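# quick one, structure for this:
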Amino acid sequence: MAQILDWSEYYRPNFFANTPDILHEYLQTGGRPAFEARLVLAATLSPSYGIYSGYESFENVPVREGSEEYLDSEKYEAKQRKLDGPLLPLVQRLNEIRRGEPALQRVDNLRWIETEQPLIVGYVKDDLVVVVNVDPFEPHDGLAIIPAAFGLPPTFFARDLVGGERYRWTIGRNYVRLDPGQAHIFKLETHV
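Okay, the predicted model is just below:
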């Protein structure tokens, strides 16, 4: 992931949560939480992102056990689809957040933060903090460690743009608990 920042002067990345020809084991076995985690990561790490048709309906059946190829891949057939998958409300909310938050339109502002939990990924983009539980099977507790070097006041609020909750945070260690595949996209509010 360090290469994202190293290359930012030369290209604008486009992260896809899935592709038409690779069905990773994570999506085959992780259920809805795996799809949600990958969607949030793609939508918040890159200025542009995409999902391959069928993702919104959790398509995850491989052609055979051990294969990373979709059973009904559109590489070999045209499919009629309805745009009615259960993941679409999250796609819609993420797109609303992306339109409203200029920090998500850039890649050069990405700063990783420590979480003290390897299955919780955390990063900051300007005044946004994103934490994602990448374990699709178990809830996890962790920390979003906000360094003093970020220039924030000692105490501030973190408002979750996905769920709407608001928390009082401080420079240093801030507790987070996430269910499988769940995420917070926090907007930092420095007026207490």
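# please parse this protein into its domains.
Structurally, the chain divides into domains by automatic domain parsing as follows: 11-103, 104-189.
# most tightly surrounded among those domains?
Among the domains of the chain, the stretch with the highest mean neighbour count (mean count of other Cβ atoms under 10 Å) is domain 104-189, at a mean of 17. Heads up, the C-betas are built off the backbone N, CA and C, glycines and all.
# next, the closest residue to Gln182 other than its chain neighbours: phi, psi?
Of all residues not flanking Gln182 in the chain, Asn133 sits nearest, at 5.5 Å (Cβ to Cβ, 6 or more residues apart in numbering). Main-chain torsions, Asn133, degrees, to the nearest 10: phi -90, psi 110.
# quick one: Asn133 and Pro180 touch, right?
Yes: counting by Cβ atoms under 8 Å, Asn133 sits close enough to Pro180 to count as a contact (6.3 Å).
# need the overlap of contacts for these two.
Common neighbours of Asn133 and Pro180, using Cβ atoms under 8 Å, 6 or more residues apart in numbering, are Pro33, Pro139.
# re the thing from before, identify the bridge partners of the residue nearest to Gln182.
Ile120 (DSSP bridges).
# let me know the pLDDT of Lys75.
On pLDDT, Lys75 comes in at 74.
# and if you look at the one 10 residues further on?
Looking at Gly85, its pLDDT stands at 93.
# same deal with Tyr70?
pLDDT at Tyr70 comes out at 87.
# and for Pro13?
pLDDT at Pro13 comes out at 77.
# all strands of the protein, in order?
Using DSSP state E, the strands found in the chain span residues 14-16, 48-50, 110-112, 120-125, 128-133, 140-146, 155-160, 166-170, 172-178, 183-189.
# export those to TSV and append columns for distance to Asp72.
Converted to TSV, the strands of the chain look like this (distance: least, Cβ to Cβ, whole Å):
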stretch	distance to Asp72
strand 14-16	19
strand 48-50	20
strand 110-112	36
strand 120-125	31
strand 128-133	29
strand 140-146	33
strand 155-160	36
strand 166-170	43
strand 172-178	32
strand 183-189	29
